[in-house]
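In: quick check, what structure comes out for this input:
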Amino acid sequence: MRNHFDEQLHDLNRNMIAMGSLCEKAIDTAIVALATGDMDKAKLVIDTGEEIDHKEREIEDMCLKLLMQQQPVAKDLRTISSALKMVSDLERIGDQSEDIAEIVTMQNISSSDDTDEILNMAKAASGMVTDAIDAFVNRDLEKAKKVIADDDTVDDYFDRIKKMLAGHIGHEEADLEKLLDLLMVSKYLERIGDHSVNIAQWVIFMITGVLEGNTT
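Out: Sure thing, here's the model as predicted:
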C-alpha cells in the first residue's frame, strides 16, 4: 500500500514539474513577444495558458484522490496540501503571462519603444519563477528563501517604472494608451513575482512545517 502511495506522490511531483515548466515557457515566451512584437509568440502564450489550466485541474484531482483514498502521514500531508496551494499560484502566473501577451497583440507597444527597464523587470520576475520551481523540485530551502528576497528587486523595478511612466503622462505628445499598456505589463510582472513568493513560502512549509509570511 505504501509503495503504491509513493508512486502516486511521484506522479504528483512529476505533474507539478510539468506545470512549472509550462509556466516558465509562458512567461519567457511573453517576454520575447514583448521585446520583439512577435504576434505568433504572443498567440503561443495563450495556447500554453490552456495547457496550464488543464494541468491545474489534473493536479487538483490527483491531490484530492490522495487525500480521500489514502491516509497520509504529516510530511505527506504537507506535500499534498502545499501542491494544492502552489498550483493556484502557478495558474495565476500563466494567466498573467497571457495578459501580457494579449497586450502585445493590441500592438500599442512596438519593439522600438524604450522598454529596457520593463524587460529587465521581466527577466527578474522570470528568474523568480524558475527559482521557485527549482526550489520545489529539489526541496531546496535556501533557494526558496532567495525567491522571497528577490521580490524586493522586482518591486523596486515596479516603483521605478511607475515613476518613469508618470513622468511621460504630462507631455503633449504622450501616447496615453501605450503608457497604460506598459504600466499594466509592469503590474502583471509584479504580480508574477508575488505568486513566485507564495510558491516559495509553500515550499518552505512543505520542508519545515512552518508557513512564513502571508500568502496572497
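In: right, and the helix or strand after the lengthiest helix in the chain?
Out: Criterion DSSP state H: the longest helix present in the chain is helix 2-36. Once helix 2-36 ends, the next helix or strand along the chain (criterion: DSSP states H and E) is helix 39-69.
In: helices or strands next to that next one in the packing?
Out: Packing partners of helix 39-69 (3 or more Cβ pairs under 8 Å, 6 or more residues apart in numbering; DSSP states H and E): helix 2-36, helix 74-105. Every C-beta, even on glycine, is put in place using the N, C-alpha and C of the backbone.
In: let's have those in CSV, adding distance to Leu182.
Out: Output for the helices and strands packed on helix 39-69, formatted as CSV (distance: least, Cβ to Cβ, whole Å):
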stretch, distance to Leu182
helix 2-36, 10
helix 74-105, 9
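In: just name the most buried of these.
Out: Mean neighbour count (mean count of other Cβ atoms under 10 Å) peaks for helix 74-105 among the helices and strands packed on helix 39-69, with a mean of 21.
In: quick one: contacts for the most centrally placed residue in the chain?
Out: Nearest residue to the geometric centre of the chain (Cα atoms, centre = their mean): Ile93, 3.3 Å. Shown in contact with Ile93 (Cβ atoms under 8 Å, 6 or more residues apart in numbering): Cys23, Ala26, Ile27, Val129, Ile192, His195, Ser196.
In: what do you get for Met39?
Out: Counting by Cβ under 8 Å, 6+ apart, Met39 has contacts Ala33, Val104, Thr105.
In: which one among those residues gets closest to Ser81?
Out: The closest of the contacts of Met39 to Ser81 turns out to be Ala33 (Cβ to Cβ; 35.1 Å).
In: let's have the helices and strands packed on helix 39-69 in TSV, adding mean pLDDT and distance to Gly49.
Out: Output for the helices and strands packed on helix 39-69, formatted as TSV (pLDDT from 0 to 100; distance: least, Cβ to Cβ, whole Å):
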stretch	mean pLDDT	distance to Gly49
helix 2-36	91	6
helix 74-105	94	4
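In: to Ile46, which of those lies closest?
Out: Here helix 74-105 is closest among the helices and strands packed on helix 39-69 (Cβ to Cβ), at 5.5 Å.
In: quick one, that closest one and helix 2-36 angle?
Out: Between helix 74-105 and helix 2-36, the angle formed by their directions is 20 degrees, by axes from the mean of the first three to the mean of the last three Cα atoms, to 10 degrees.
In: ok, the closest residue to Glu117 other than its chain neighbours - contacts?
Out: Residue nearest to Glu117 in three dimensions, not counting chain neighbours: Ile161, with 5.6 Å by Cβ to Cβ, 6 or more residues apart in numbering. Contacts for Ile161 (Cβ under 8 Å, 6+ apart) come out as Glu117, Ile118, Met121, Leu182, Leu183, Ser186.
In: how far away from the center of its chain is the helix or strand hosting Ile161?
Out: In this structure, Ile161 sits in helix 141-169 according to DSSP H and E. Offset of helix 141-169 from its chain centre (Cα atoms, centre = their mean, to the nearest Å): 14 Å.
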